[in-house]
Structures are given as C-alpha cells and as structure tokens.
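Student: got a predicted structure plus its sequence, pasted below:
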Amino acid sequence: IMPSLVGSEMCIRDRYGDAFTLREDLLKAANRFHVLGLGVSPSDQLIVGKDRWIFHRDAQALATARGTVALDTGQLDLWAVALSARAAWHRDRGTLYLFALIPSKFEIYPEQLPFELRKVGPSPREQFVARIQGLAQSSTRVEDFCLDLEPALQRAKAAGGAGDLLYHPHGVHWTDRGAFVAYTELLRALGERGERGILLAPWGAGDFRPVAEGAIPDGWGRKLYLEDVLPSRQPRLEPQRARKSQSARSEDAKGPGDKTWTWTPPGASADPQRFTATVHHDSFGAWLLPFLAEHFPKMSSIHGDVFEPSRYPLGPGSVVIEIYSERVLVQRPPGFPVDAIQERLLAGFDGASGGAALTVPLTAPLPVFPGFESIRQSYVSPEGTGGPGALVLNVKGPGNVLLVRGLKEVPAGTVPVLVLDIEAPGAFRSDVFFNTAPGQAFHPHRSFSASGLGGRRRVAIPLTEERMVGPLGLRIAAQPGLYRLRGLEVRAVPLASLR
C-alpha cells in the first residue's frame, strides 16, 4: 500500500505544480531576473554567453568543443580503419561515398562564450582531421572521402554581416544559412571526388530569399518563457522557384526522421539508377535535406549513424553521404562493414603476436544465457589423433545465446578480433552481444555481427566497444540447423595491420 500512496502523492504534487495558476508568470519573472539581471542561466542545462547567446550545457558537447576530450591514436585509427572499409565497400559496388563532420556552435562562435569556458585544446574533430592528414601518405587515404565543414563555415562567417548568422544564437543547431553553406560544400566535394553530373550544380544564394518563419524547434526563449528577450524565430531560405522534391516516410523507416524524397527528372536526363542518394544524418540534417533533395530524383534520409548496407543505393552514379556533428567521434565506436574486410581481419588475426585476449576450450558445452535456450549442445572428441574436438550445436531458432567469459585487457593501438572456426549447413550470421554496465540485458543495439556461407570457414568479428563489461553473449546463428564449432578465440590485432 505504501508505495502506491507515495506514487499518488508524487503525481498530485507534479500535477499541482504544472497546473498552478501563477506558475508561468513566476517562472518568467525568475528567468528574466537570472538572464537580464544577473546574466546567468536559470537552468543548469544552459550557458548564457555574451550578447545573451544561449549554449546547451551538455557535458559531452561542451567538453568536445573546449578540447578537454583527448582521443588516443588507437581511437582515431579505429575511425580511419572503419571509414576506409566503408569507402572500399561502396567503391566495390560503384557507389560514391562521402563522410562529413559538422563543427559545433561552440567552435564557430567561441567569442560568444564566457571567458571561463574558453577553448583549451583541440576538439575531437580537429584531432581526427590532423590524424587523417598524417595518414595521407599511407594506403588508407582517409582524406579522399572525408570532409571537414569547419573551414567553409568559418569563411562564410567572415564574409557575412552581423545578422548573417550560421547558427541560431538561442538554439543548438545551425540556421538555414549555415545549412546552405554545408550543402554547397558537399556538392563541391562530390564533384571533386568523381560525380560531375549536371544535377549536382548547386543553387546559388540568389536563388533564395529570406522569409520570416515560426519558432525553431530547439529555441530556448520559448522554453524559458522569454520569447521577447530570446526570440526563437529565424529567417528561412525559400527558393525563388518551386521545389521539385516531395518527401514521405520511407517504407523501411526505423525512426521518425527516415524519409524518401522524390521527383521526376525531365525527359531522359537521368537513368533510374543514376543520381540516387542516401544521406545518414543526425539532428542537423533537418535543415540540410531540403537543399540536397533537389539534386537527386530519389533520395533516402536515415536519422542515425548505424552502417546499414541493405538500405544503400548501389551502382554507378549513386551516392552515400554520412554527415554528423563531431560528437559522433566520441559517442560510440564506428561500425564496420565487417563482411567486406574479412580477409584483412583474418590476416591481422593470424599475424597478431601479442597472445590471445580470450581462448575458449571447446571440451564441454558452454553455458547458455537463461531464456535463450533454443539450442542443444554436445561435445565431439577429436577425430583421429591430435586433431581438435568440436561442439555440435543443434540450433532450433534465433533465441540461442551462449555465455563466454569477459576479455582480458588489450594493449593500446589494438582491437580485439573474435574468430570462430565453424561448420555451417548454409549461409548464416553470427552475433556477439555485450553490455556496457552491470545488470544490463543483452540487446541487439549492443552487438557485433558477421556473416558466412555454408561449409567449414572462419568468421572474424571485431569487438570495437571499449566499455564492455561482464561476459559476452554468442549467438552462433539465427538460422536453424546443425553447426560444428571447432574454435573460438579473441586476439588483440594491431590497428595498423588493418589499414
């Protein structure tokens, strides 16, 4: 009874606080006193800068922009390896690939920050750019498919007037003007990297006119009841001629930001495959996509940073753009097109001389994760003399997860690579699940995967998450059938061997 009473009391208190007649007036007065009278934020989520500019006090974003987050060479090389593998995967399929990084509002307008929050070191974006420039003479050539948007935005800021803002002073994201600068730079980069179709000629600034628009979705003035002091309106850039593209929710949408933009090119100026595009983006993409969509008769937008080959256009003339704010470099390890670099992973595994990070003796059945027991195991003794034994795994369905003890710590500059020696009845996919905190349940969002064909083969899976804790979960295959597992080992593979 007591928990129910406590819960009811909290609901009544919250409801009273929200419905209190003078609540909005009191909040407005308190916020006005803080911002106008004291020049400080009424919320610990915000920073009040010079000229009443508002910055979001997101711990990660602030540390990233100030340069207090130092990425080691291993982390930077992991990104270089992952992006070069993605580029190779796309290149082998005739697709043009471009990865672009967006600087934060902190970096473009540092003069608006309080002095005590001045920059003290290079941001992760600057560290990454310096690293890929250092690799320019190697075979990796990451800079061939990476674009840093900071120089173009800085040039536009220097050329513009006081009111020509690239980021909203009272919001988090860029304005239409900032997105237009990025759009122009993206099309220029695509042209330099081999796509020279007539549809990629960018619109000029004279093709648009600024028009008044309503409140921006992330405006802090509205949220603080200070719209008169911190206006959340911004001019939108509307084209002088009608837009061609129309957007609709994608058929394979996985989130609210997944859309398909289409229009019909005149006559036969573009074949059906040419000039199709996929744009992976974060929240900055909402301002950018309407500009880009005018250049591709079919463009898919995917809100997220997960590498999803099944959703990409393939063939000559198709384009894949990944564009994110620089926080993506520190939020999580990059995804690999693992199946595309199996030979490289196995060669690095075989050449690793630092010893095994994990070797699982397959002399008895492995423990099964409770609730995921659609599997039966039996041990088969070595065939003949001296040969390895095997676990025979009768997989009944996708709900099968074996438990494998946690990894040893691996040296800096290496990545753990798990290799399965497996006999399969047909094509299969193996998954490795991990947790980043004690007490978590295995989840598909925290997993690494690789695919294989039937017969006996080795499958390599890089384990790139640095925060893994506890045992790993191993799903040999989601496809039912009889499998033989002859080897399971993890080695610390030098990143340099994967470039």
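Tutor: Looks like it came in fine. In this text the structure is predicted, and so the values were computed from the model without any measurement.
Student: just give me the neighbour total for the closest residue to Phe291 other than its chain neighbours.
Tutor: Excluding the flanking residues, the one nearest Phe291 by CB to CB, 6 or more residues apart in numbering is Tyr183, at 3.9 Å. For the C-beta atoms, the positions are set from N, CA and C on the backbone; glycine is no exception. Residue neighbour count, defined by other CB atoms under 10 Å, stands at 21 for Tyr183.
Student: helix, strand or coil for the residue nearest the centre of the chain?
Tutor: Closest to where the C-alpha atoms of the chain average out (CA atoms, centre = their mean) is Asp305, at 2.7 Å. Three-state call for Asp305 (DSSP: H, G, I helix; E, B strand; the rest coil): coil.
Student: contacting residues for it?
Tutor: 280, 282, 322, 324, 328, 331-332, 335 (CB atoms under 8 Å, 6 or more residues apart in numbering).
Student: shaky segments in the stretch 251-400 of the chain?
Tutor: Within the stretch 251-400 of the chain, the stretches with pLDDT under 70 are 252-256, 265-274, 354-355, 382-388.
Student: which residue ranges of it form strands?
Tutor: Using DSSP state E, counting those that start in this stretch, the strands assigned to the stretch 251-400 of the chain run over residues 259-262, 276-281, 298-303, 319-325, 356-359, 368-380, 390-404.
Student: now the stretch 51-200 of the chain
Tutor: With DSSP E, counting those that start in this stretch, the ranges of strands along the stretch 51-200 of the chain come out as 54-56, 96-102, 146-148.
Student: out of these, which is closest to Arg233?
Tutor: Closest approach to Arg233 among the strands of the stretch 51-200 of the chain (CB to CB): strand 54-56, 14.3 Å.
Student: each with direction, which strands does that closest one pair with?
Tutor: Strands that pair with strand 54-56, judged by DSSP bridges, come out as strand 46-48 (antiparallel).
Student: what about the strand it pairs with, average pLDDT?
Tutor: Averaging pLDDT along strand 46-48 yields 79.
Student: what's the burial count for the nearest residue to Thr95 once chain neighbours are set aside?
Tutor: Once flanking residues are discounted, Thr95 sits nearest to Ser318: 4.9 Å by CB to CB, 6+ apart. When counting by other CB under 10 Å, one arrives at 23 neighbours for Ser318.
Student: correct me if wrong: Ser318 contacts Leu190.
Tutor: No. Judged on CB atoms under 8 Å, Ser318 makes no contact with Leu190 at a distance of 11.6 Å.
Student: Glu238 bridge partners, please.
Tutor: Arg209.
Student: distance of it from Gly191?
Tutor: Distance from Glu238 to Gly191, counting by CB to CB, to the nearest Å: 25 Å.
Student: same deal with Pro297?
Tutor: The value you get for Pro297 to Gly191, if CB to CB is used, is 18 Å.
Student: and what of Ser451?
Tutor: Taken as CB to CB, the span from Ser451 to Gly191 is 35 Å.
Student: repeat for Pro235
Tutor: As judged by CB to CB, Pro235 and Gly191 stand 28 Å apart.
Student: ok, back up a step: any residues in contact with both of Ser318 and Leu190?
Tutor: Residues touching both Ser318 and Leu190 (CB under 8 Å, 6+ apart) are Leu96.
Student: count of residues packed around Phe442?
Tutor: For Phe442, the count of nearby residues is 21 (other CB under 10 Å).
Student: check the one 10 residues further on too.
Tutor: Other residues near Gly452 number 21, with proximity taken as other CB under 10 Å.
Student: how near is it to Val380?
Tutor: 20 Å.
Student: Thr414 is in contact with Asp72, correct?
Tutor: No. Counting by CB under 8 Å, Asp72 stays clear of Thr414, with 11.7 Å between them.
Student: pull out the buried residues from the helix of greatest length in the chain.
Tutor: Secondary structure of the chain per DSSP state H: the longest helix is helix 73-92. Going by neighbour count (16 or more other CB atoms under 10 Å), the buried part of helix 73-92 is 74-90.
Student: buried residues, stretch 421-434. List them.
Tutor: By 16+ other CB under 10 Å, the buried positions in stretch 421-434 come out as 421-424, 428-434.
Student: please disregard the earlier target; I meant stretch 439-448.
Tutor: In stretch 439-448, counting by 16+ other CB under 10 Å, buried: 442, 446-448.
Student: for stretch 363-383, same thing?
Tutor: Quick answer for stretch 363-383 (16+ other CB under 10 Å): 366, 368-369, 372, 374-375, 377.
Student: give me the contacts around it.
Tutor: 360, 362, 388-404, 442, 473-476, 484.
Student: which of those residues are buried?
Tutor: By 16+ other CB under 10 Å, those give 360, 362, 389-393, 395, 400-404, 442, 473-476, 484 as buried.
Student: mind listing what's buried along stretch 169-188?
Tutor: The neighbour-count check on stretch 169-188 (16+ other CB under 10 Å) flags 169-187 as buried.
Student: and for stretch 485-499?
Tutor: Of all the residues in stretch 485-499, those buried under the rule 16+ other CB under 10 Å are 485-486, 488, 490-495, 497-499.
Student: can you check stretch 120-127 too?
Tutor: For stretch 120-127, by 16+ other CB under 10 Å, it's 123-127.
Student: swap in stretch 404-423?
Tutor: So, applying 16+ other CB under 10 Å, buried residues of stretch 404-423: 404, 407, 410, 414-423.
Student: show me where the stretch 151-300 of the chain has helices.
Tutor: Under the criterion DSSP state H, counting those that start in this stretch, the stretch 151-300 of the chain contains helices at 176-192, 220-223, 285-292.
Student: out of these, flag the one nearest Ser301.
Tutor: helix 285-292 (5.3 Å).
Student: isn't Arg209 right up against Arg241?
Tutor: No. Using CB under 8 Å, Arg209 is not in contact with Arg241; the gap is 10.9 Å.
Student: the two: which has the busier surroundings?
Tutor: Each of Arg209 and Arg241 has its neighbours counted (other CB under 10 Å); Arg209 has more, 12 against 9.
Student: show the contacting residues for that one.
Tutor: 237-238, 240.
Student: what about it, distance to Leu166?
Tutor: Counting by CB to CB, the gap from Arg209 to Leu166 is 18 Å.
Student: just Ala427 next, same as before
Tutor: 49 Å.
Student: and Arg118, by the same measure?
Tutor: Taking CB to CB, one finds Arg118 at 20 Å from Leu166.
Student: the two: who's more crowded?
Tutor: Neighbour count, other CB under 10 Å: between Arg118 and Leu166, Leu166 has more, with 23 against 11.
Student: just give the closest residue to Gly397, not the sequence neighbours.
Tutor: In space, Gly397 is closest to Ser374, 4.1 Å off (CB to CB, 6+ apart).
Student: now swap in Phe106 and tell me
Tutor: Ala65 (3.2 Å).
Student: hang on, isn't the one you found packed against Arg118?
Tutor: No. Ala65 sits out of contact with Arg118 when judged by CB under 8 Å, with a separation of 10.6 Å.
Student: count of neighbours near Gly49?
Tutor: The tally of other residues near Gly49 (other CB under 10 Å) stands at 20.
Student: from Ala441, how far off is the nearest residue to it once chain neighbours are set aside?
Tutor: The shortest distance from Gly49 to any non-neighbouring residue, by CB to CB, 6+ apart, is to Gln112 (4.4 Å). Going from Gln112 to Ala441 by CB to CB gives 44 Å.
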